[in-house]
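K.L.:
here is my input; please provide its structure:
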Amino acid sequence: MSGGDIAGLIAAVVFAVLVGFIAIPLVKLGRVLDSTRDAIKEASDGITPILDETATTLQETNKQLARVDVITKNVADVTGNVSALVALFAATVGGPLIKLAGFSAAARAAFRAAGGFGSRKPRGGSH
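P.N.:
Predicted coordinates for the structure are as follows:
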């Protein structure tokens, strides 16, 4: 064996040891990637039902919001009708009631001035 053969043999052994040292982390990295792939698959399998339930919930929520919108519109219509009814009632009954109240106040004032009902003597006190 010559010196070049021995150097080649040493280089081959060193290369084999280096490959062995590099192979260990690569095998561990492969296991980590396999675990990551499995975790992603499990998460994906778990997310699919959640997304389906979320879609169903959103559909039901939209239906309820549509119902609330109809109810709100009906309440607004009823409020407008009640407001119109109150205005009509005030115009129809309020005017005559105000006139009647004014007349009764004037009649009371006239009776008091004439010495009628409004001129009561104070109660209690000394006799």
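
K.L.:
count of neighbours near R108?
P.N.:
13 (other CB atoms under 10 Å). Any C-beta I mention is one placed from the backbone N, CA and C, and that applies to glycine too.

K.L.:
what are the phi and psi values at it?
P.N.:
phi -60, psi -40 (degrees, to the nearest 10).

K.L.:
shaky segments in the protein?
P.N.:
Residue ranges of the chain with pLDDT under 70: 116-127.

K.L.:
could you redo the last one with a cut-off of 50?
P.N.:
Low-confidence segments of the chain, defined by pLDDT under 50: 118-119, 127.

K.L.:
longest helix in it, please.
P.N.:
helix 3-89 (DSSP state H).

K.L.:
distance between it and the chain's centre?
P.N.:
For helix 3-89, the separation from the chain centroid amounts to 23 Å (computed by CA atoms, centre = their mean, to the nearest Å).

K.L.:
go on, stretch 100-109?
P.N.:
Worked out by CA atoms, centre = their mean, stretch 100-109 lies 57 Å from the chain centre.

K.L.:
please consider this matter closed, and thank you.
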